[in-house]
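Enquirer: Just a sequence and a predicted model for now, questions to come.
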Amino acid sequence: MTSSSDVRDAVVADPAGTLLALDFDGTLAHIVDDPTRAFAHHDSVEALARLGSVLGQIAIITGRPVRQALALGGFEGLSGLGNLVIHGQYGAERWAAADGALTQPERPRAIVELAAMLPDWLDERGAHGVRLEDKGIAIAIHTRGIDPGVLGELAEPVARLAADLGLAVEPGRQVIELRAPGHDKGDSLRAIVADVRPRQVIFGGDDLGDLPAYDAVDEFRTHGGAGLLICSASEEQDALVARADLVLDGPDAVAEWLQALADDIAPS
């Protein structure tokens, strides 16, 4: 396991050689019952705006659509974040603050089919009270706020349904997402690394979908780079804890860590 203090020291000494990449939900924003109200932590956004002027690259890699991340984070047009990039929907969508261009794929035919059948499919299985979130190129089934056993009961039949439609299953904290296969957060992080060629990479996440990005940081380290893996911990998910170099107690602690880093390398 890497010493978090050693990597942090390297970042302070060489901020321009640093890529800071973060997940959104559960890392920059608290998990809430209504995902449309999951606003980024004010202190994290303020710290990122300070860090943006000195770090080589800041990236947000999220399962959310880019436009949702922009709206909930308030990042667009924010002074200091002219170098921000957002990879949404696990990298299927890409946006850069430098030119405001958004790249996004067409809605897959399998998602069109899924959207039409899923309400009745869930009703037939007694999954009442779940909330469906249509992301355009993916559909998420949210079970937060209802019987916690529903998620486990749905896992196997949803996996079979996804296989029948040729879709990937992305499990998360009280949510199962079905999306087109072929991209993940690890692929996104590798693409950004290849583009900016950093000497230090920091990645922070909280859930199973962040594990591929953890793998990408491990690969970066095997090639001589310095990497720091941060886990925004919760009682709901501990899969990242054992692999993390630094475990923080949720988005509030992430915000405190980012503020402290900004104090060291980008004082107000």
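Expert: Received, thanks. Numbers count the residues shown, from 1 in each chain.
Enquirer: Quick one: list the elements packing against whichever strand or helix holds residue 70.
Expert: Secondary structure from DSSP states H and E places residue 70 in helix 66-73. The helices and strands touching helix 66-73, judged by 3 or more C-beta pairs under 8 Å, 6 or more residues apart in numbering; DSSP states H and E, are strand 84-88, strand 93-96. Just so you know, the C-beta spots here come from the backbone N, C-alpha and C atoms, and that holds for glycine as well.
Enquirer: how about those in CSV, adding distance to residue 107 and mean neighbour count?
Expert: Below are the helices and strands packed on helix 66-73 laid out as CSV (distance: least, C-beta to C-beta, whole Å; neighbours: other C-beta atoms under 10 Å):
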stretch, distance to residue 107, mean neighbour count
strand 84-88, 14, 25
strand 93-96, 12, 20
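Enquirer: In CSV: those, plus distance to residue 140 and mean pLDDT.
Expert: Below are these laid out as CSV (distance: least, C-beta to C-beta, whole Å; pLDDT from 0 to 100):
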stretch, distance to residue 140, mean pLDDT
strand 84-88, 13, 97
strand 93-96, 15, 96
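Enquirer: What residues does the nearest residue to residue 29 once chain neighbours are set aside make contact with?
Expert: Counting by C-beta to C-beta, 6 or more residues apart in numbering, residue 29 lies nearest to residue 38, which is 4.4 Å off, once chain neighbours are set aside. Residues near residue 38 by C-beta atoms under 8 Å, 6 or more residues apart in numbering: 24, 25, 29, 30, 31, 32, 72.
Enquirer: can you tell me which of these are in helices?
Expert: Within these, residues falling in helices by DSSP state H are residue 72.
Enquirer: So which of the contacts of residue 38 wins on neighbours?
Expert: Within the contacts of residue 38, residue 25 tops the neighbour count with 27 neighbours, counted by other C-beta atoms under 10 Å.
Enquirer: beta partners of that one?
Expert: residue 29 (DSSP bridges).
Enquirer: Report the separation between it and residue 158.
Expert: Residue 25 sits 20 Å away from residue 158, going by C-beta to C-beta, to the nearest Å.
Enquirer: Equivalent analysis for residue 138, please.
Expert: Distance of residue 138 to residue 158, given as C-beta to C-beta: 13 Å.
Enquirer: Nearest residue to residue 76 in space, please, no chain neighbours.
Expert: residue 70 (4.8 Å).
Enquirer: Residue 220: what secondary structure?
Expert: What DSSP: H, G, I helix; E, B strand; the rest coil gives for residue 220 is helix.
Enquirer: Wait, it touches residue 193, no?
Expert: Yes - judged on C-beta atoms under 8 Å, residue 220 makes contact with residue 193 at a distance of 6.2 Å.
Enquirer: any common contacting residues for the two?
Expert: residue 201.
Enquirer: name the element residue 211 belongs to?
Expert: helix 211-222.
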